[in-house]
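Asker: can you look at this prediction? I've put the sequence above it.
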Amino acid sequence: QVSVVEFGGGTVQTGGSLRLSCTVSGLLFTINSGGWYRQAPGKGRELVATIANDLTTDYANSVKGRFTISRDNAKNSFDLQMSDLKPEDTAVYYCKVVGERFVVSESRYRHHEAWGLGTQVTVSS
């Protein structure tokens, strides 16, 4: 079982900052990449930022220069530092991890993705 838990959501005024954290736990699970996604009311889930094992990052155009994703391999965690927040950043933010999980019954690793339950970020104007 792989568990993904997000922390750090809240309400902030326009121009403010928030830091989201995501911790991953689970036996026999190797993380390859992690990322943050968000879903605003009435809209689909969209990619915000991802980070790979080699620390290559990718950002949505709407957050470039304002958000920074990072990871701590020792802690199995991913952070999203958000600055200069705008009302349009209001959404539920989800952490997603991609990796390989060892399946005991098959004696091999299989591709595995896991999502957290999300944390609400609200930016007031």
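Answerer: On my side now, so go ahead.
Asker: please count neighbours and contacts with C-alpha atoms only from this point.
Answerer: Fine.
Asker: helices or strands up against the strand ranked longest in the chain?
Answerer: The strand that spans the most residues within the chain, counting by DSSP state E, is strand 91-103. If contacts are counted by 3 or more C-alpha pairs under 8 Å, 6 or more residues apart in numbering; DSSP states H and E, strand 91-103 sits against strand 3-7, strand 29-39, strand 108-115, strand 119-124.
Asker: which residues sit against whatever helix or strand residue 79 lives in?
Answerer: Element membership of residue 79 [criterion: DSSP states H and E] is strand 77-82. For strand 77-82, the external contacting residues (C-alpha atoms under 8 Å, 6 or more residues apart in numbering) are 17-24, 34-36, 66-72.
Asker: still on that earlier bit, pull the distance from the longest strand of the chain to the chain's centre.
Answerer: 8 Å (C-alpha atoms, centre = their mean, to the nearest Å).
Asker: what do you get for stretch 69-84?
Answerer: Centre to centre, stretch against its chain (C-alpha atoms, centre = their mean), the figure for stretch 69-84 is 8 Å.
Asker: and stretch 15-23, by the same measure?
Answerer: Offset of stretch 15-23 from its chain centre (C-alpha atoms, centre = their mean): 10 Å.
Asker: and stretch 66-84, by the same measure?
Answerer: Distance of stretch 66-84 from the chain centroid (C-alpha atoms, centre = their mean) equals 8 Å.
Asker: check which residues of stretch 72-89 are buried.
Answerer: Across stretch 72-89, burial judged by 16 or more other C-alpha atoms under 10 Å covers 76, 77, 78, 79, 80, 82, 83, 85, 86, 89.
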